[in-house]
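**Student:** Next come a sequence and a model predicted from it.
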Amino acid sequence: MAEAREIDRGSAVRIAPKRHWPKQRGNDGIIRVAVPRVFLDARRRDPRDVPRADPAGNYPQNPRARGQGRGADGAGRARARASEVVETCVSELIERMVELRVREGAAQARADELRAVVDKITGSPDAAAWTRFRSRLRRGIG
């Protein structure tokens, strides 16, 4: 994360707990943090990115100082970036939804197996013994 965002390692270590990202300790002892792709792809805002003056000493024009606000080009870039972020989030949510549906199907299959086992036990000649055992478990006699 530090390399991708071009920040120092200490900053990366402080960001992870603040954003409550899930962590996992590997067998090698290294703690890995699940950093969202949107965070890694985001451009870092740094005042050093904006030139203060050209070599001749002239400062760049400030459109806001002239009352123009954000130009059409800047607004278009912002909309394009917002659209890109939304598309990324939607694709991540779709992937997560598919994963959860697969897990739901597996859980449903396991529940069906367990129902079959319970039906087999309760439908056996020892059904009365099973009923007594179940009532004892409910009372805590075990």
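**Tutor:** Sure thing, it's come through. Because the structure is predicted, anything quoted here is derived from the model rather than measured.
**Student:** Check what pLDDT the residue nearest the centre of the chain gets.
**Tutor:** Centroid check for the chain by CA atoms, centre = their mean gives residue 36 as the closest residue, at 5.5 Å. On pLDDT, residue 36 comes in at 83.
**Student:** Repeat that for residue 24.
**Tutor:** pLDDT at residue 24 comes out at 85.
**Student:** Next, give phi and psi for the nearest residue to it once chain neighbours are set aside.
**Tutor:** Of all residues not flanking residue 24 in the chain, residue 32 sits nearest, at 5.3 Å (CB to CB, 6 or more residues apart in numbering). In this view, the C-beta of every residue, glycine as well, is placed from N, C-alpha and C. Residue 32 adopts backbone torsions of phi -110, psi 140, taken as degrees, to the nearest 10.
**Student:** shouldn't residue 32 be in contact with residue 21?
**Tutor:** No. In this structure, residue 32 is not within contact of residue 21 by CB atoms under 8 Å, at 10.2 Å.
**Student:** And those two? Which one has more around it.
**Tutor:** The neighbour count for residue 32 versus residue 21, taken as other CB atoms under 10 Å, is higher for residue 21 (14 against 11).
**Student:** How many neighbouring residues does the closest residue to that one other than its chain neighbours have?
**Tutor:** The shortest distance from residue 21 to any non-neighbouring residue, by CB to CB, 6+ apart, is to residue 33 (5.2 Å). Neighbours of residue 33 under the rule other CB under 10 Å: 15.
**Student:** Against residue 25, how distant is residue 78?
**Tutor:** Computed as CB to CB, to the nearest Å, the residue 78 to residue 25 distance reads 39 Å.
**Student:** nope, residue 39 is what I meant
**Tutor:** 21 Å.
**Student:** So those two - more neighbours on which side?
**Tutor:** Taking neighbours as other CB under 10 Å, residue 39 and residue 25 compare with residue 39 leading, 13 against 9.
**Student:** helix or strand for that one, which one?
**Tutor:** Per DSSP states H and E: residue 39 is located in helix 37-41.
**Student:** Show me where this structure has its helices.
**Tutor:** 2-5, 9-19, 37-41, 72-122, 127-139 (DSSP state H).
**Student:** thinking again about what came up before, from what I can see the residue nearest to the centre of the chain touches residue 21, true?
**Tutor:** Yes. At 7.4 Å, residue 36 and residue 21 qualify as touching, with contact defined as CB under 8 Å.
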